[in-house]
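**Student:** sequence and predicted model, in that order:
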Number of protein chains: 2
Amino acid sequence: MRTIAILGSTGSIGRQTLEVCAEHPDLFEVYAITANRSADLLIQQARQFKPEVVVIADETYYQQVKDALADLPIKVWAGADALCQVVTAEPIDIVVTAMVGFAGLRPTVEAIKAHKVLALANKETLVVAGQLIMKMCDEYKVPILPVDSEHSAIFQCLENNPIDKLIITASGGPFRTFTMDQMRDVTAAQALKHPNWDMGAKITIDSASMMNKGFEVIEARWLFGMNADQIEVAVHPQSIVHSMVQFADGAVKAQLGCPDMRVPIAYALSYPDRMPSQINAKLRIEDYAHLTFERPDLERFPNLRLAFDALSQGGDRTCVLNAANEVTNEAFRRGQCKFLQMAEVNEKTLAAMPFVAQPSLDDYFAIDAVARVKAKELLGL
Amino acid sequence: MRTIAILGSTGSIGRQTLEVCAEHPDLFEVYAITANRSADLLIQQARQFKPEVVVIADETYYQQVKDALADLPIKVWAGADALCQVVTAEPIDIVVTAMVGFAGLRPTVEAIKAHKVLALANKETLVVAGQLIMKMCDEYKVPILPVDSEHSAIFQCLENNPIDKLIITASGGPFRTFTMDQMRDVTAAQALKHPNWDMGAKITIDSASMMNKGFEVIEARWLFGMNADQIEVAVHPQSIVHSMVQFADGAVKAQLGCPDMRVPIAYALSYPDRMPSQINAKLRIEDYAHLTFERPDLERFPNLRLAFDALSQGGDRTCVLNAANEVTNEAFRRGQCKFLQMAEVNEKTLAAMPFVAQPSLDDYFAIDAVARVKAKELLGL
């Protein structure tokens, strides 16, 4: 029996993590669930899974959650500090970091300090502070199990032999075949229609702009100790091959499957075992008669270029890029900026911020805050 | 340093095994090489690799080989018994069984008894007597490392988790898109033009008729302990995905690469390590923009159906099928039978032979001999 805390249980990954736990009640106990503002769903999840603790980060929903669960022996906490505290609870074995954005950094750090195994779905943590997080994991001997389908694919293909190259696949998103002109006027509604994966709004926009793929390159760099030039992106619109690993002898291994996040989630929770599943989608390869691969177009998707550049430059660059992107992504969703403007402002924010070579954890918080102000300023907000 | 014996060093797999050994002289010592009749190439290989022993199976070439190597301290042996004897030599660590057909069975058995690691390229050994061979390997604690690209792919994807299904890929051969009518009159020359792999004549004809894929299904059944209904064949004309494994959680792992037998050969020789290579072809996935998968057509390729049926029936059926096929394959190459007639006679031979449920090793030799006579009779030869 493994005891699980799910940070961000009401989001797409969080909900699917609970589906996996529900299919295997003999293997997993849900100890804690947390949400930012989705109080109704959090209450519903709490009544179903009966965790020890629920945390609602936004304190304005505290009373609502508290009252709704008054008949159950469940602790209800509120606030950002409660998020950091709940992950340290002694019975927890695995912390699933399924919240979105920079907000994942602090609770992840606390979970590492408390020696919890990390099932990492919050890629921004590694984008912002990969070097520092990996050093801490090493120090505290904490394993990181990737939940992102691409990184899970790579993780599943690893063996005790050195890797030459990682090939991260990308669907290319809804605008893969759009011209620059067509991309100029796309709306948030168009960008939110991902061809293959059903995900949260922020990551779906990041997928449309390929910022998400750029972040995955950065994530892979830290998870698997690769250099930027050992990581390739291959556009694969069918999203069946989730990623590939090339070894020194030329052999390539890939992990494939229908687009179903429950497979990588389940693997992270049950690693190194695999659990038989009735709910996971099973691949029938003849149903996917054509699998295609092409080079990504860095002209039309400059965010991917920015990610590779930021990774090569190191220091605080990926933190600045993430901060700018959180601002531009939200602005685009609110109709406050155009699609192509997101990458433009991300790039200008990077140019406007002085380079910090060796940021401390506190530095990251300061840099993130300043970069957000700068990005908003550049957007005229 | 691993000491290698190569049975069938002048064939396609044998030559490529020597290329692998030549690239890594610090890791491999070639102790023995053998050929059936290709005396000139055997002599040339002996002068280059300076093994302890060379064996020429056809005794009529003995004097030629002996004389040509007289200036070197190399033992020259001749005859089928010498093949069985050479594999037992004490210094040998790994025996590569790269000869073609039923003839591989006896030396393979001797190698197992002598506790040599098997790098198995002679699939007919497992087609004929898989149950017996696997039992012997278990008894003598001898590992079998597959050399066939499909089985190497599966072997590379294995992990310590149970397998739901194997998906063996097939190029479909040169007649993949031919109608039944078109297939009626194809010549051996047409069948010998394989679209992707450069192989010996016997296996290339077996590929064209998909008998080879049927044999690979049988081989996989024994190597990986699967049931016939857990093995699927997917026609994949590009020969980039070499095979796939599906686990209980729905995840599929695949091994990919350019069609280059040196990759699986090297993996078998260096397992569990992988050796960096300058000669192995490296896959660039964008160069293979379209990978396609389709169901095999058992109407047009009845040999594949015969193999599945023989496997399900068990006993001596796969031995009979192999014997009939060795006869029909050779007859087709000699222009003594038509392409579609091969499978017809294979099927009739199976029908004509009484079922033997638990053959001994000696029984296999007798059944093989009788089935050959029967197949020749059915061909009117």
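**Tutor:** Alright, I've got the coordinates. Numbering: from 1, shown residues only, chains lettered A, B, ... in the order given.

**Student:** use CA for all of it now, contacts and neighbours both
**Tutor:** Noted.

**Student:** what about residue A:238, distance to residue A:170?
**Tutor:** Counting by Cα to Cα, to the nearest Å, the gap from residue A:238 to residue A:170 is 9 Å.

**Student:** give me the more crowded residue out of the two.
**Tutor:** Taking neighbours as other Cα atoms under 10 Å in any protein chain shown, residue A:238 and residue A:170 compare with residue A:170 leading, 26 against 20.

**Student:** what mean pLDDT does the helix or strand containing residue A:324 have?
**Tutor:** Applying DSSP states H and E as the criterion places residue A:324 in helix A:317-333. Helix A:317-333 shows a mean pLDDT of 98.

**Student:** can I get that helix as CSV, trimmed to CA atoms?
**Tutor:** This file holds the C-alpha atoms of helix A:317-333, laid out as CSV (Å, rounded to 0.1, in the frame of the first residue of the first chain):
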residue,chain,number,x,y,z
ARG,A,317,17.2,32.1,-18.3
THR,A,318,14.6,29.3,-18.1
CYS,A,319,13.1,30.9,-15.0
VAL,A,320,12.7,34.2,-16.8
LEU,A,321,11.2,32.4,-19.8
ASN,A,322,8.7,30.6,-17.7
ALA,A,323,7.6,33.7,-15.8
ALA,A,324,7.1,35.6,-19.0
ASN,A,325,5.2,32.7,-20.5
GLU,A,326,2.9,32.4,-17.5
VAL,A,327,2.0,36.1,-18.1
THR,A,328,1.6,36.0,-21.9
ASN,A,329,-0.3,32.6,-21.8
GLU,A,330,-2.8,34.1,-19.4
ALA,A,331,-3.1,37.3,-21.3
PHE,A,332,-3.8,35.4,-24.5
ARG,A,333,-6.5,33.3,-22.8
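
**Student:** touching, residue A:145 and residue A:270? I think so.
**Tutor:** No - in this structure, residue A:145 is not within contact of residue A:270 by Cα atoms under 8 Å, at 10.2 Å.

**Student:** who has more neighbours out of these two?
**Tutor:** Taking other Cα under 10 Å, residue A:145 and residue A:270 do not tie; residue A:145 has more neighbours (23 against 14).

**Student:** is that one in a bridge, and if so with what?
**Tutor:** Under DSSP bridges, the beta-bridge partners of residue A:145 are residue A:119.

**Student:** for it, give its distance to residue A:339.
**Tutor:** Separation of residue A:145 from residue A:339 (Cα to Cα): 33 Å.

**Student:** could I get the pLDDT score of residue A:292?
**Tutor:** On the pLDDT scale, residue A:292 gets 97.

**Student:** and it, how many neighbours?
**Tutor:** 20.

**Student:** low pLDDT regions in the stretch 151-300 of chain A?
**Tutor:** Applying pLDDT under 70 to the stretch 151-300 of chain A flags no residue at all.

**Student:** can you give me the strands for it?
**Tutor:** Here the stretch 151-300 of chain A has its strands, by DSSP state E, counting those that start in this stretch, at A:163-170, A:231-235, A:241-247, A:252-256, A:290-292.

**Student:** flag every residue of the stretch 51-200 of chain A that's near chain B.
**Tutor:** Residues of the stretch 51-200 of chain A found near chain B, taking Cα under 8 Å from any Cα of the partner chain as the criterion, are A:157, A:160, A:161.

**Student:** all the helices of the stretch 1-150 of chain A, residue numbers only.
**Tutor:** A:12-23, A:39-49, A:62-68, A:80-86, A:105-113, A:124-139, A:149-157 (DSSP state H, counting those that start in this stretch).

**Student:** out of these, which is the most enclosed?
**Tutor:** Stretch with highest mean neighbour count among the helices of the stretch 1-150 of chain A: helix A:149-157 (a mean of 25; mean count of other Cα atoms under 10 Å in any protein chain shown).

**Student:** hmm, stretch A:241-255 in reach of chain B?
**Tutor:** Yes - using Cα under 8 Å from any Cα, stretch A:241-255 reaches chain B at A:247, A:248, A:249, A:250, A:251, A:252, A:253, A:254, A:255.

**Student:** now for the closest residue to chain B within the stretch 51-200 of chain A, how many residues are close by?
**Tutor:** Per Cα to the nearest Cα, residue A:161 is where the stretch 51-200 of chain A lies closest to chain B, at 6.3 Å. Counted by other Cα under 10 Å, the residues lying close to residue A:161 total 13.

**Student:** do residue A:357 as well
**Tutor:** Using other Cα under 10 Å, residue A:357 is surrounded by 11 other residues.

**Student:** give me the number of residues near the closest residue to it other than its chain neighbours?
**Tutor:** Computed as Cα to Cα, 6 or more residues apart in numbering or on different chains, the closest residue to residue A:357 that is not its neighbour in sequence is residue A:315, at 4.1 Å. Residues within reach of residue A:315, counting by other Cα under 10 Å, total 18.

**Student:** how about the secondary structure of residue A:315?
**Tutor:** coil (DSSP: H, G, I helix; E, B strand; the rest coil).

**Student:** ok, now which ones touch it?
**Tutor:** Neighbour list for residue A:315: A:355, A:356, A:357, A:358, A:359 [criterion: Cα atoms under 8 Å, 6 or more residues apart in numbering or on different chains].

**Student:** by neighbour count, which of the residues you listed wins?
**Tutor:** residue A:359 (18 neighbours).

**Student:** quick check: that residue is in a helix.
**Tutor:** No - when classified by three-state DSSP, residue A:359 is found to be coil rather than part of a helix.

**Student:** any idea how far it lies from residue A:325?
**Tutor:** The separation that residue A:359 has from residue A:325, given Cα to Cα, amounts to 19 Å.

**Student:** picking that back up, which strands and helices lie in contact with the helix holding residue A:324?
**Tutor:** Secondary-structure packing of helix A:317-333 (3 or more Cα pairs under 8 Å, 6 or more residues apart in numbering or on different chains; DSSP states H and E): helix A:124-139, helix A:201-208, helix A:302-313, helix A:339-352, helix A:361-379.

**Student:** one more pass at 10 Å, please.
**Tutor:** helix A:124-139, helix A:188-191, helix A:201-208, helix A:211-224, helix A:302-313, helix A:339-352, helix A:361-379 (3 or more Cα pairs under 10 Å, 6 or more residues apart in numbering or on different chains; DSSP states H and E).

**Student:** how is chain A divided into domains?
**Tutor:** A:2-146, A:157-258+A:288-304, A:314-381 (automatic domain parsing).

**Student:** next one: the second one to chain centre, how far?
**Tutor:** This means domain A:157-258+A:288-304. 13 Å (Cα atoms, centre = their mean, to the nearest Å).

**Student:** circling back: okay, and the common contacts of residue A:145 and residue A:270?
**Tutor:** residue A:264 (Cα atoms under 10 Å, 6 or more residues apart in numbering or on different chains).

**Student:** out of everything not next to it in sequence, what's closest to residue A:46?
**Tutor:** residue A:54 (7.1 Å).
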